[in-house]
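Engineer: Provide a 3D model corresponding to the input given below.
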Amino acid sequence: MKVAPKVIFFLEGADGFGTLIADALQPNPSSTLRRLEDSFELPLERYGIKDRKACGRVVQFVDADGLLEVSLLLLQYYEPPVLACAVNEALASLTAENLSSMPTVIFPFLVSAPKLKLESRESMPVGNASVYGMQVGLENDITQALLSRTQKLPSSLQIHHEPLACILQLARVLKLPAFILIGQSGDRVSRKNSGEELEVIGEMSGILASISSLSFSRERIVWNPTKISKETEEPWRALYG
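Structural biologist: I've put the predicted structure just below:
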């Protein structure tokens with residue numbers, strides 16, 4: 001899959017988080033960037049999965065010379081263990097056609113607070129919005145810019161979020177220059193928490209726009225999260241460490 005040097009990788013889940021940010025990111029009015037969109041299907045037969053494919057869409061922002069400036073990749077969400085296979089195949093497709101210049105991949109996640117656990121002696125850092133960052137692999141100008149805009153995650157953080165744990169492990173195995181962007185949300189059972197989530201999503205969108213020559217409008221962000229009654233167990237998390 002041909003992509004730009006900067007790739008923002010979303011999982012399209014039921015909450016619509018990835019689609020929301022991807023649709024809010026648009027070319028600056030004064031730029032010559034064009035937004036192009038296409039779909040993709042990647043076979044999973046080498047994992048023994050013959051009846052499913054890794055499906056999604058890719059949004060490319062192309063300049064006047066036809067060069068790719070930034071790519072947004074939205075992969076359909078799958079339940080484990082298919083999730084790991086689909087993510088691995090999508091990431092492998094990025095590196096297969098971009099060997100001369102490995103793209104930097106940014107993975108935005110909105111994670112509920114109970115899924116991010118610390119040792120009793122530590123607490124999550126506090127800021128205007130709960131947006132945190134984690135660099136994976138080699139540092140470059142993109143990851144440095146992201147680190148300067150986010151709060152550092154505590155070293156003792158335990159991730160109890162299946163998709164995030166999966167992607168973190170695969171990015172390390174594939175040795176991708178990558179950055180995990182985490183927005184901490186509430187439990188999604190109150191209007192107050194929905195408002196706080198909207199603030200976090202706006203902050204994350206602004207960070208992504210700042211490193212991708214794009215713009216976003218807070219007015220475009222309409223957040224209607226799915227109500228979750230309780231946290232569910234994730235038995236497949238042990239697969240990813």
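Engineer: use CA for all of it now, contacts and neighbours both
Structural biologist: Fine.
Engineer: State the distance from the residue lying closest to K50 once chain neighbours are set aside to G183.
Structural biologist: What sits nearest to K50 in space, not counting adjacent residues and going by CA to CA, 6 or more residues apart in numbering, is L44, at 6.5 Å. Using CA to CA, to the nearest Å, we find L44 at a distance of 30 Å from G183.
Engineer: now stretch 77-95, how far from the centre of its chain.
Structural biologist: Computed by CA atoms, centre = their mean, to the nearest Å, the chain-centroid distance of stretch 77-95 equals 13 Å.
Engineer: I am assuming L147 contacts E139, so please confirm or correct that.
Structural biologist: No: under the criterion of CA atoms under 8 Å, L147 makes no contact with E139, lying 10.0 Å away.
Engineer: if you count what's nearby, which of those two comes out ahead?
Structural biologist: Higher neighbour count among L147 and E139: L147, with 18 against 14, using other CA atoms under 10 Å.
Engineer: helix or strand for that one, which one?
Structural biologist: According to DSSP states H and E, L147 maps onto helix 141-149.
Engineer: for that helix, what is the average pLDDT?
Structural biologist: Confidence for helix 141-149, expressed as mean pLDDT, is 95.
Engineer: so what does it touch, helix or strand wise?
Structural biologist: Judged by 3 or more CA pairs under 8 Å, 6 or more residues apart in numbering; DSSP states H and E, helix 141-149 is in contact with strand 131-136, strand 178-185.
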